[in-house]
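Participant: give me coordinates for this.
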Amino acid sequence: MQVTEQNFDELMAQPLPVMVDFGATWCGPCKALAPRIEEIAAEYEGRAIIGTADVDECSDLAARFRIRNVPTVLFFKGGEAKDKSVGLVAKETLTEKLNALL
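Facilitator: Numbering: from 1, shown residues only. The predicted model follows:
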């Protein structure tokens, strides 16, 4: 799911945990992380909301959450950021953090 500044607050109002991958089209590690994010989205369908946000298109969101490096994955529950992961990490690292919110 594409996360935008327009739909972000709506996503945060959902009862499910939300995982947002902040990246950029010019970022090599972001491109390498993308297939892992897609796999997680398929595996957690109906249990969590998995999205991606381009920091160039969502500069206000990136500033709001102090995204300094990409990729940065933020984990939300109840509209609040609960955890994060920075850099190219293993799929298991992301699923462990997501499972902690389920």
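Participant: quick check: buried residues in stretch 24-32?
Facilitator: Ala24, Cys27, Cys30 (16 or more other C-beta atoms under 10 Å). All C-beta spots, glycine's among them, are computed from the backbone N, C-alpha and C.
Participant: hmm, the first one is touching Leu33, no?
Facilitator: No. In this structure Ala24 lies outside contact range of Leu33 using C-beta atoms under 8 Å: 11.4 Å.
Participant: spatially central residue for the chain, please.
Facilitator: Val20 (1.4 Å; C-alpha atoms, centre = their mean).
Participant: where does that one land on pLDDT?
Facilitator: On pLDDT, Val20 comes in at 98.
Participant: that one: what's it in contact with?
Facilitator: Val3, Leu11, Gly51, Thr52, Ala53, Val73, Leu74, Phe76 (C-beta atoms under 8 Å, 6 or more residues apart in numbering).
Participant: and the spatially most distant residue from the centre of the chain, how far is that from Thr52?
Facilitator: Distance from the centre of the chain peaks at Trp26, with 17.4 Å (C-alpha atoms, centre = their mean). The spacing between Trp26 and Thr52, counted by C-beta to C-beta, to the nearest Å, is 14 Å.
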